[in-house]
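S.K.: Everything below, folded, please.
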Amino acid sequence: MRQMLVLVCAVLLALVSATQPAAAADGRPYANPLKSSKGADPWLEYYDGNYYLITTTFTGILGIRKSPTLAGLATAPNVQVWSDTTSTRNTNFWAPELHFVDGHWYLYYSAGRSGVACCDSQRTHVLESAGADPMGPYTYKGSLTGSNLTPGGWLIDASVLRAGGRLYLVGSGFVNGGEQSLVIAPLSNPYTLASRTFTVISRPTMSWERSGSPVNEAPEPLYRGGRTFLTFSASSCQTADYKLGQLELTGSDPLNPASWTKKSTPVFQRSDARGVYGPGHNGFFTSPDGTENWLVYHGNSASNGGCGNGRTTRAQEFTWNADGTPNFGTPVALGTTLPGPSGETAATPTAYTLVNRNSGKCLDVNGGSTADGANIFQWTCNGGTNQKWKVQDLGDDTNRLVNVATGKVMDTAECSATDGADIRQWSWLNNKCQRYRLVFTASGDHVRIVNESTGKVADVAECATANGADVRQWTWLNSNCQQWRLVPTT
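M.R.: Okay, here's the model as predicted:
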């Protein structure tokens, strides 16, 4: 009988173990900041094995960082996915967000008019991806503005709210004058308003929403257990008291202001003890295994940091209170090592190889020479450090490509603007001939490497496939030998 009881207990234990999922391992260690320049107004998505991070640029260019681990975003290349030369919308790109709807990504952002003083010309715009790749390519779908927004349709910080099977655009604006408030309008599709009349759902009426100036902005939906929350940023971003507040949809109609209930106190704010000021303009994402909820936001490291490029991107896990509301905790100090999101399995990249689309061969410094002027050509990929590159974001929409073996950078010889000018390595001189924009192409996961001084691209001479074929600069011809795939490596 005793043996029978032991056997039964063992079987029951095995069944319980089989039905209880094992706790997922912590992700790769990371530390904030995730983006140390142009890190304001961050939006972060985890999709199909990679994180995608996009932030405010203050220019007419939008760039995305991509990495298989959260930690890797800190050193991931900045890849340009959109630029605009249309004078009515080609400057001050703010607060970009990515939303996946019906098989496409929609990229919402606000932009201003060229030559007009900041910032009365800010309007909301939307792009649509060709397919399911968050990197694009994208096409412009139009502007989303309201007939009762002032001045002239001013609208920033747009996001998409899902409620009752419908889509709504939420953002920040002024309705018939008044103070900067949270506004909402229905969408008939991701890029078309069903009504151009916006309704105010939150005004900055409480003292903690009025530091510096009365502001409600950056609304971000959060869903759990059938409940819908809307975090928002309150007070002026010029102050250290920029912070997060929270609404909850407690009624049935999102367009009715009475359906929204505001929490009377902030939900996330400055921590002087940890050196974090003005934390706000957040987004949400989930861990790769779907078990953890994470907050991404920007913050300053000084109380007078203000609204500029000194704001850095930060992320941390958050939990839930017993009453079902989110608990965002306290901002984490910069440099604190934390476990990454659970379910991460890839290694954190430390460098990248650049593989030519035409030849399948790698960008290589000849023989790993450390000399200034050593040639850069293509060679069979072999894992050598002279084929590994650190792609360092310079904070002006460009990168420098630093060879891991030599510590020197990709450089256009003599800063020549001619087709055929040699691409070589050289000591860092901080000039435009050593700065490159990585521009996503419309043909798969490849980029063109565009010199900031000349506007010309890295090209394999004569489209050769042989080892040692020279890499030079050339006018963009949209050929495969001018396209390069970024492959993460360690």
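S.K.: contacts, neighbours, all on C-alpha from now
M.R.: Will do.
S.K.: which parts of stretch 267-280 are buried?
M.R.: Using 16 or more other CA atoms under 10 Å as the test for burial, stretch 267-280 gives 267, 268, 269, 270, 271, 275, 276, 277, 278, 279, 280.
S.K.: How many residues are close by the nearest residue to residue 34 once chain neighbours are set aside?
M.R.: Closest residue to residue 34 apart from its sequence neighbours, by CA to CA, 6 or more residues apart in numbering: residue 74 at 4.4 Å. Burial measure for residue 74: 23 neighbouring residues, criterion other CA atoms under 10 Å.
S.K.: Assign residue 74 to helix, strand or coil.
M.R.: When classified by DSSP: H, G, I helix; E, B strand; the rest coil, residue 74 comes out as helix.
S.K.: let's have the chain start at 134 instead
M.R.: Let's use 134 as the start, then, which means that last one is residue 207.
S.K.: so what's it up against?
M.R.: Residues near residue 207 by CA atoms under 8 Å, 6 or more residues apart in numbering: 166, 167, 168, 169.
S.K.: Tell me the spacing between it and residue 556.
M.R.: To residue 556, residue 207 is 27 Å away according to CA to CA, to the nearest Å.
S.K.: any idea where the strands of the stretch 234-383 of the chain begin and end?
M.R.: Remark: strands assigned in the stretch 234-383 of the chain by DSSP state E, counting those that start in this stretch are 237-245, 256-262, 271-277, 282-296, 299-308, 314-322, 325-326, 332-335, 349-357, 360-367, 376-382.
S.K.: Most tightly packed of the ones you listed?
M.R.: Sort the strands of the stretch 234-383 of the chain by mean neighbour count, taking mean count of other CA atoms under 10 Å, and strand 237-245 sits at the top with a mean of 25.
S.K.: Sheet partners, orientation included, of that one?
M.R.: Counting by DSSP bridges, the strands paired with strand 237-245 are strand 224-234 (antiparallel), strand 256-262 (antiparallel).
S.K.: Verify the contact between residue 536 and residue 523 for me.
M.R.: Yes. With contact defined as CA atoms under 8 Å, residue 536 reaches residue 523; the gap is 6.4 Å.
S.K.: Which of the two has more residues huddled nearby?
M.R.: For residue 536 versus residue 523, the count of surrounding residues by other CA under 10 Å is larger for residue 536: 26 against 23.
S.K.: What residues does the residue lying closest to the more buried one once chain neighbours are set aside make contact with?
M.R.: Leaving aside its chain neighbours, residue 536 sits nearest to residue 522 (4.6 Å; criterion: CA to CA, 6+ apart). Contact analysis of residue 522 by CA under 8 Å, 6+ apart lists 484, 485, 486, 487, 534, 535, 536, 537.
S.K.: ok, the nearest residue to residue 158 once chain neighbours are set aside - how many residues close by?
M.R.: In this structure, residue 158 finds its nearest non-sequential neighbour in residue 475, 5.7 Å apart by CA to CA, 6+ apart. Residue 475 has 19 neighbours, counted by other CA under 10 Å.
S.K.: To which secondary structure element type does residue 475 belong?
M.R.: Following three-state DSSP, the label given to residue 475 is coil.
S.K.: The one 3 residues further on now?
M.R.: Classification of residue 478 into helix, strand or coil gives coil, according to three-state DSSP.
S.K.: for it, what are its contacts?
M.R.: Counting by CA under 8 Å, 6+ apart, residue 478 touches 160, 161.
S.K.: Check it and give its pLDDT.
M.R.: Here the pLDDT value assigned to residue 478 is 92.
S.K.: quick one: it from residue 201, how far?
M.R.: Distance from residue 478 to residue 201, by CA to CA: 8 Å.
S.K.: list the contacts for the closest residue to residue 520 other than its chain neighbours?
M.R.: Among residues not flanking residue 520 along the chain, residue 497 sits closest, at 4.6 Å (CA to CA, 6+ apart). Contact partners of residue 497, counting by CA under 8 Å, 6+ apart, are 509, 510, 511, 512, 519, 520, 521.
S.K.: what is residue 497 paired to in the beta sheet?
M.R.: Note on residue 497: beta-bridge partners by DSSP bridges are residue 510.
S.K.: Quickly note the distance from it to residue 617.
M.R.: Residue 497 sits 13 Å away from residue 617 when distances are taken as CA to CA.
S.K.: Could you list the low-confidence segments of the stretch 434-583 of the chain?
M.R.: Applying pLDDT under 70 to the stretch 434-583 of the chain flags the ranges 576-577.
S.K.: ranges for the strands of it?
M.R.: Using DSSP E, counting those that start in this stretch, the strands assigned to the stretch 434-583 of the chain run over residues 445-453, 459-460, 470-473, 484-489, 495-498, 509-512, 522-526, 532-536, 542-545, 556-559, 569-573, 580-584.
S.K.: what's next to the shortest one, contact-wise?
M.R.: Identification of contacts with strand 459-460 by CA under 8 Å, 6+ apart yields 400, 451, 452, 453, 454.
S.K.: Give the partner strands of that strand in its sheet and their orientations.
M.R.: Using DSSP bridges, strand 459-460 pairs in its sheet with strand 445-453 (antiparallel).
S.K.: Pull the residues that contact the strand it pairs with.
M.R.: Against strand 445-453 from outside (CA under 8 Å, 6+ apart): 165-175, 425-433, 459-462, 464-465, 474.
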